[in-house]
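Colleague: With the sequence up front, the predicted model follows.
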Amino acid sequence: MFGNSLSGAERARKRRIYAALAVATIFVMFMWYYSSHKPTVSPGGSRLTNLSLSTKMPYLTPNTTTIRPASSGLELVQVQYVYRHGARYPTQGDMAHIKEVYELDGLSVSRDWINAELIDGDKAGLLAKYGYREMTGIAQRTMQRYPTFLADRLRNPESVRFVSSEYQRSHMSARTFQGVVDPKNHTKPVTVLPLNKDTILAMKAGCSMWEQEKEVATYNAGREVAVFDSIHGQKLRERMSGKLGVKSGMTVAHISTLYTMCGYEISLFAQPDTWCTLFDPDTSALMELRNDIKYSRVYGPFGANINKRMACALFTALFRDIDSALRDPPNAISTFRFGHAETIMFVSTLLSLEQVLGTENSPITGAMPFSLARHRGFKTSVIAPFSTNLGIELYKDQHAQPFFRLLLNERAIRLPECTDEFCSLDVLRNKLGDNIGCDFNSICRITPQ
Ligand SMILES: O=P(O)(O)O[C@H]1[C@H](OP(=O)(O)O)[C@@H](OP(=O)(O)O)[C@H](O)[C@@H](O)[C@H]1OP(=O)(O)O
């Protein structure tokens, strides 16, 4: 009744069904792998990305609905924010590296990958279109976060101030932010700190001791990057040379520039379809790790001890304003300060925020397993993207006891010494210790041996 033998036609039909199932299975598996490894191709104009782009990371709008309002017993007295400027064009140094890649022997990419704006010296270091947009969006959300507080304070033009470093990118970020917060121009013009007097925003500029220590940090970072390149370089070179048609001469340093170019393409032009197609999320995270070997030593917790002091003049200014506000709350001054990537990295280093931001905080080395590195607290795409910002909110309770809350990139963070994000000001004052009232100039002075 149930003969074992199938007719020839039935056998052929079965073979076709099995073949179709096999093809479908392979297709489904490919689509799963591709979708989990390809960079997010954002809709036109959006800069959303799943790539880790280090200090060239665009500022991604946070979900600010997660910010808890203060409990009814806490009255907001003052807000102070410190920012890196918005997305900017490459500095002269980066433009030179980009030009070198454009001129690589055998480079074969389509014309739209060669973006002249990335090597236009007239634009070097200037705030870019998306940098203005970042600042506008952050200012709008700031107004929404403090709807009555800022409106009340702006009635007294003296009580909201804006300060920037001397660089155009910081100054124009401050002016853009001010234009949104104070459209009627009640407040004073942005105070621009001359570079040779700026100890709080472009603080590295005048610090000889840090400059001297930077040489050592850069040397140490170079040794670790060499270890990194010895482990990962071959695979990276094969991947990139194959994709770009470069026959020889591509170094890992060139690949680092390709990675930087991807960051600028996304941050400045919302363009994920050129150099960024060379990087999947894991490769971009690996390149960020290579960068963070350097940044964590030059500016971060794994370099010279002076890195832990470099934000002391800034915190002295912040606490000068906090103590003044506590003496006279109705006339408290809220200040918005606009600096650079290192401004926030030095703040993070002084506060040891890497311990808040990650579970792995051993020195970032060239041989660090990626499985460990992905959990590190010092990650530049988190701490130092364009427009990165740290806020200090000052409150007093019904007994006039002062409390503070920190926000990093519009998300509340809790110091390990605090039991809640709203925390006694004494905890922050004690944590900062003699960084408040420090003599920055003597810290930076090189004492003759
Ligand atoms: O993106 P990073 O933090 O590296 O930018 C640095 C600048 O370094 P560069 O982009 O050239 O690699 C650095 O410029 P440099 O000419 O001094 O090397 C600049 O001083 C520093 O403030 C960072 O620039 P930004 O203003 O934070 O974007």
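Modeller: Here it is on my side, so go on.

Colleague: Tell me if I'm right that His214 and Tyr295 touch.
Modeller: Careful, residue 214 is Lys and not His. No. Between Lys214 and Tyr295 there is no contact under CB atoms under 8 Å: 11.6 Å. (Each C-beta comes from the backbone N, C-alpha and C, glycine too.)

Colleague: between these two, which one's more packed in?
Modeller: Tyr295 (25 against 20; other CB atoms under 10 Å).

Colleague: surely the more buried one meets Lys379?
Modeller: No. Taking contacts as CB under 8 Å, Tyr295 lies outside contact range of Lys379: 9.6 Å.

Colleague: Now list whatever residues contact both of those two.
Modeller: Shared contacts of Tyr295 and Lys379 (CB atoms under 8 Å, 6 or more residues apart in numbering): none.

Colleague: What segments of the stretch 51-200 of the chain are strands?
Modeller: 75-84, 160-164, 191-192 (DSSP state E, counting those that start in this stretch).

Colleague: near the ligand, which residues of the protein show up?
Modeller: Thr55, Arg84, Arg88, Thr91, Gly93, Asp94, His340, Ala341, Glu342 (CB under 6 Å from any ligand atom).

Colleague: which residues touch the first one?
Modeller: With contact taken as CB under 8 Å, 6+ apart, Thr55 is in contact with Gly263, Asn291, Tyr295, Ala341, Thr380, Ser381, Ala384, Pro385, Phe386.

Colleague: In a markdown table, list those residues along with pLDDT, distance to Ala373 and secondary structure.
Modeller: Formatted as a markdown table, those follow (pLDDT from 0 to 100; distance: CB to CB, whole Å; DSSP: H, G, I helix; E, B strand; the rest coil):
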| residue | pLDDT | distance to Ala373 | secondary structure |
| --- | --- | --- | --- |
| Gly263 | 98 | 19 | helix |
| Asn291 | 98 | 12 | helix |
| Tyr295 | 98 | 13 | helix |
| Ala341 | 98 | 20 | helix |
| Thr380 | 98 | 13 | helix |
| Ser381 | 98 | 13 | helix |
| Ala384 | 98 | 17 | coil |
| Pro385 | 98 | 18 | coil |
| Phe386 | 98 | 23 | coil |
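
Colleague: Go through those residues and say which is closest to Ser424.
Modeller: Distance to Ser424 across the contacts of Thr55 (CB to CB) is lowest for Ala384, with 28.6 Å.

Colleague: Once you drop chain neighbours, what's closest to the closest one?
Modeller: Ala341 (4.3 Å; CB to CB, 6 or more residues apart in numbering).

Colleague: Ok, Thr61 next?
Modeller: Gly137 (6.2 Å).

Colleague: I figured that neighbour hits Pro62, correct?
Modeller: No. Counting by CB under 8 Å, Gly137 does not reach Pro62; the two are 10.3 Å apart.

Colleague: Show me the domain layout of this protein.
Modeller: 3-37, 46-444 (automatic domain parsing).
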